[in-house]
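> Got a predicted structure here, sequence first:
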Number of protein chains: 2
Amino acid sequence: MTIRIALDAMGGDKAPAAPIEGAVLALGQHPGCAFTLVGQPEVIATELARIGADPGRFVIHPASEVVGMAEKPSVALRTKKDSSMRVGANLVKSGVADAFVSSGNTGALMATARYVLKTLPGVDRPAIMAVMPSITGQTLMLDVGANVDCSADHLCQFALMGKVYASAVMGLKKPRIGLLNIGEEEIKGNEVVKEAGERLKADGGDGYIGNVEASEIFAGGVDVVVCDGFVGNVTLKTIEGMARMLTHFLKESFGASVWTKLGYLAARPAMTSFRSRVDPRKYNGAILLGLNGIVVKSHGGADPYAFSRAIGVAVDLAANRVNEKIRRDIAAHAGVSAGNGGEQACPG
Amino acid sequence: MTIRIALDAMGGDKAPAAPIEGAVLALGQHPGCAFTLVGQPEVIATELARIGADPGRFVIHPASEVVGMAEKPSVALRTKKDSSMRVGANLVKSGVADAFVSSGNTGALMATARYVLKTLPGVDRPAIMAVMPSITGQTLMLDVGANVDCSADHLCQFALMGKVYASAVMGLKKPRIGLLNIGEEEIKGNEVVKEAGERLKADGGDGYIGNVEASEIFAGGVDVVVCDGFVGNVTLKTIEGMARMLTHFLKESFGASVWTKLGYLAARPAMTSFRSRVDPRKYNGAILLGLNGIVVKSHGGADPYAFSRAIGVAVDLAANRVNEKIRRDIAAHAGVSAGNGGEQACPG
């Protein structure tokens, strides 16, 4: 069955060029998928013509409005009912698309997706899950920004959702779940984290490996790191800022003289391999997990390649019926009655 | 006047070698200072002999016990009254030393220092302040681990203490103070951070530049970043873990073949300059700020050079009478009566 992905052609700092060129790239990477470009038809047509893409390979779905990158989520939700974001989410809700990908304003995307799609039964709060590089592969982290104040209950739900994703999409038999905490024995964690840790442990500990420090995200000893959205967002931004500073220092060091520039030429193969391993574009595509439909948030500054990677995340989610599995696991876990007909986003 | 620094010869993963060799290095860097090595005299004497250092250049102050790196702070405090940590803090309290530096267990050091030295008048909670590299120089961050649950009041005190340090030690005329927060407009921060932001703004905003994201720590637009100890510690550990991963990837990339190894030789001058700019040892020495005496926490894994840098931080603090200034500023700010005779740590 063809996986159908709706793409926000108007969202992000580099729209419409980056999402549309990204869609063209994704066509080559995912030949079994159909892509719908959501936005102002004339803008989309002009961009397709500019890059010489065949418009016949895309469905164009009109949306007259655009949510600004700095627009308040509540205002966007209330006043822009024909935004590309809102229309894209509606396509998922109505079953026309299996997933929606947007580089737009995170807060507005979460608010819109939550309003349109609702949460899965038993999920109190959807979370944003990001993929981080690690020495041995990758580490999932959630929540990275949807929920600034979390209860222990919320953290336990994040753990469960992350675990389902790790097994369903990453194919891990027994994902290792860690609770982000700090190192001091005596003062281990704030009250909420302590309570969540006790409950995750009491739950039978299936895959729960206890507290992890932030340094372990990168060390490969944990698959899913659970935290509240404030801490997770700070972690994400720390990585971003540090990467930018290191790139700046590397450029300065290699640009210092003719000799260091020549040195760079000699080191280029190794530096290229290094840069490719930590290329943030490869890890683009944060997942709005816990919604009754698949929505993937691409970085606001994503270029075409990065956007195509976020599309790949959406394709994986749809192909692996992750939401069905989350619903089932949460129902099994909490005794919540599942099986209502609300979900139509994961036909696989 | 000679600045007298007490050093924990027994604390840290590499004790006694690293602190004692670090003390020898510091002798060369700070000729106007006198150093006291606190610990088991025979261990210290053996180590001084091993490295061929002149024992006559140090005072050796006996302490029979050692606090383990994984020991519970409360247990260390209760049972090890003759630990190098406790004795070092006592030397500051009694005025024999102007500052104390230790690579030992952070929790135990904070608990011990707080018990022995007490807090400055008007300071509810001491905080740990770290120095981070930035594109334009360095950024201070506090709290990085002493207080996992903070009130808005505590965050405001951290802001004030960080500001005093930035002006007294770093010589900044108007330090820019930022409150660590996340980007979303609508959901800006958890409740405590929101309240702290409103109060810092209402306080006249002298130097307060509002919310900053974690990426800005490295960008040079802020001098002091204020956060609770949980978030700050996660930030610190994120930096540590990411640095370790990047180093690993760089080694793998340059070690891949004879050609990449040759490339490294050519790139070595630039790579050496790069590595020196981000060398974490240069930034060693976190400050236990708000205590009635100067205590500097060196990284548990510090080598001699790193330890000598932490000693440098202690020397700067003592020379610049930071605690006196914090006391004065907090008193001025809160109307707390200052001027009691409890502080003897900053004779400059």
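All right, it came through fine.
> Sticking with the spatially closest residue to A:D303 that is not a sequence neighbour, tell me its helix or strand.
In this structure, A:D303 finds its nearest non-sequential neighbour in A:A18, 5.4 Å apart by Cβ to Cβ, 6 or more residues apart in numbering or on different chains. To be clear about C-beta, it is placed using only N, CA and C from the backbone, and glycine gets the same treatment. Under DSSP states H and E, the secondary-structure element containing A:A18 is helix A:17-29.
> moving C-terminal of that helix, what's the next helix or strand?
Counting by DSSP H and E, what follows helix A:17-29 is strand A:33-39.
> what lines up beside that following strand in the sheet?
strand A:3-8 (parallel), strand A:59-62 (parallel) (DSSP bridges).
> Just give me how far the last one sits from the chain centre.
Yep, that's strand A:59-62 we're talking about. Distance, stretch centre to chain centre, for strand A:59-62: 24 Å (Cα atoms, centre = their mean, to the nearest Å).
> thinking again about what came up before, and the residue nearest to A:D303, how far is that from chain B?
According to Cβ to the nearest Cβ, to the nearest Å, A:A18 and chain B sit 20 Å apart.
> Enumerate every residue touching that residue.
By Cβ atoms under 8 Å, 6 or more residues apart in numbering or on different chains, A:A18 lies in contact with A:G12, A:S103, A:A302, A:D303, A:P304, A:A306, A:F307.
> Which of those fall within helices?
Residues of the contacts of A:A18 located in helices (DSSP state H): A:P304, A:A306, A:F307.
> which among these gets closest to B:N181?
A:A306 (25.3 Å; Cβ to Cβ).
> Which of the contacts of A:A18 ranks first by neighbour count?
A:F307 (33 neighbours; other Cβ atoms under 10 Å in any protein chain shown).
> Grab the nearest non-local neighbour of that one.
Closest to A:F307 by Cβ to Cβ, 6+ apart is A:G22, at 2.8 Å.
> State the pLDDT value of the one you found.
A:G22 carries a pLDDT score of 97 in this model.
> same question, the one 3 residues further on
A:L25 is assigned a predicted lDDT (pLDDT) of 96.
> tally of neighbours for the residue lying closest to it once chain neighbours are set aside?
Once flanking residues are discounted, A:L25 sits nearest to A:S308: 3.9 Å by Cβ to Cβ, 6+ apart. For A:S308, the count of nearby residues is 27 (other Cβ under 10 Å).
> what do you get for A:R277?
The tally of other residues near A:R277 (other Cβ under 10 Å) stands at 17.
> Does it touch B:K251 like I think?
No: using Cβ atoms under 8 Å, A:R277 makes no contact with B:K251, being 11.8 Å away.
> Rebuild the contacts of A:A18 as CSV, extending it with pLDDT.
Output for those, formatted as CSV (pLDDT from 0 to 100):
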residue, pLDDT
A:G12, 95
A:S103, 97
A:A302, 96
A:D303, 97
A:P304, 97
A:A306, 97
A:F307, 98
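> Adding distance to B:A99, write these out as JSON lines.
Formatted as JSON lines, these follow (distance: Cβ to Cβ, whole Å):
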{"residue": "A:G12", "distance to B:A99": "51"}
{"residue": "A:S103", "distance to B:A99": "51"}
{"residue": "A:A302", "distance to B:A99": "49"}
{"residue": "A:D303", "distance to B:A99": "50"}
{"residue": "A:P304", "distance to B:A99": "55"}
{"residue": "A:A306", "distance to B:A99": "49"}
{"residue": "A:F307", "distance to B:A99": "53"}
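> Go through chain A and flag its longest helix.
Assignment by DSSP H gives helix A:229-254 as the longest helix of chain A.
> what mean pLDDT would you report for it?
92.
> ditto for stretch A:201-215
For stretch A:201-215, mean pLDDT is 86.
> which residues make contact with that stretch from outside it?
Contacts for stretch A:201-215 (Cβ under 8 Å, 6+ apart): A:156, A:159, A:163, A:174-183, A:188-189, A:197, A:200, A:221-222, A:225, A:235, B:233-238, B:240-241, B:244.
> ok, now with 7 Å
Stretch A:201-215 has contacts (Cβ atoms under 7 Å, 6 or more residues apart in numbering or on different chains) with A:163, A:174-183, A:188, A:197, A:200, A:222, A:225, A:235, B:234, B:237-238, B:240-241, B:244.
> Check stretch A:249-264 too.
Stretch A:249-264 is contacted by residues B:A266, B:A267, B:P269, B:A270, B:S273, B:F274, B:R277, B:V278 when judged by Cβ under 7 Å, 6+ apart.
> end to end, how far does it reach?
In terms of Cα to Cα, to the nearest Å, the two terminal residues of stretch A:249-264 are separated by 14 Å.
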